[in-house]
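Undergrad: no FASTA, just this:
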């Protein structure tokens, strides 16, 4: 009953795991980091998003082709949300403005977790699929941590303005990228080829 009453909230939060939000916002964040002189962080961030995209795509194809029914398609939304918001949280934790950074970091982690939960609440994925997607994003976060410097020049106000602009632009444009159908066709063809 409670989940049904807050399901509209999850529909809003789940948008932040859509590739239509994450990919343009990632480009914008990398550009903001680069412009602030945080080039290693920008490259590490883009590397994390790229690794997440490749891992999620391969995981989806192989799960669709050969996986058990409860793990038919790891959640790409959960993967991308974790790969975007966990590094963003780490970036906020490294800014000079500690209080704003801690609050924004906690909010970023919450959004990543809520996207994964939201995919289950919406019925788009099973709990194992959402967990698998989140784990892929977590692995991509490890890529970011391995490449990012411990101190950043960019400040919390610039990051907050960037994030608000990304949300506003996405709300205006409403871009959504659908990948399930094409990946399902690739997985079906792969399964047919390997069953010969």
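TA: Yep, it's here. Because the structure is a prediction, the values reported are computed rather than measured.
Undergrad: Please make it C-alpha for all contacts and neighbour counts, starting now.
TA: Will do.
Undergrad: what about residue 19, neighbour count?
TA: Residue 19 sits with 21 neighbouring residues when counted by other Cα atoms under 10 Å.
Undergrad: ok, it - contacts?
TA: Contacts for residue 19 were tallied using Cα atoms under 8 Å, 6 or more residues apart in numbering; they are 77, 80, 176-177.
Undergrad: And residue 94, by the same measure?
TA: When contacts are counted by Cα under 8 Å, 6+ apart, residue 94 touches 101, 150-152.
Undergrad: From residue 68, how far out is it?
TA: 41 Å (Cα to Cα, to the nearest Å).
Undergrad: which pair in the contacts of residue 94 spans the largest distance?
TA: When Cα to Cα is used, the two most widely separated members of the contacts of residue 94 are 101 and 150, lying 14.1 Å apart.
Undergrad: Correct me if wrong: residue 79 contacts residue 137.
TA: Yes. Between residue 79 and residue 137 there is a contact under Cα atoms under 8 Å: 4.1 Å.
Undergrad: shared neighbours, those two?
TA: Shared contacts of residue 79 and residue 137, defined by Cα under 8 Å, 6+ apart, are found at residue 52.
Undergrad: ok, the contacts of residue 94 vs residue 162, which is closest?
TA: Looking across the contacts of residue 94 and measuring by Cα to Cα, the closest to residue 162 is residue 101, at 14.1 Å.
Undergrad: Fine by me, we can end here.
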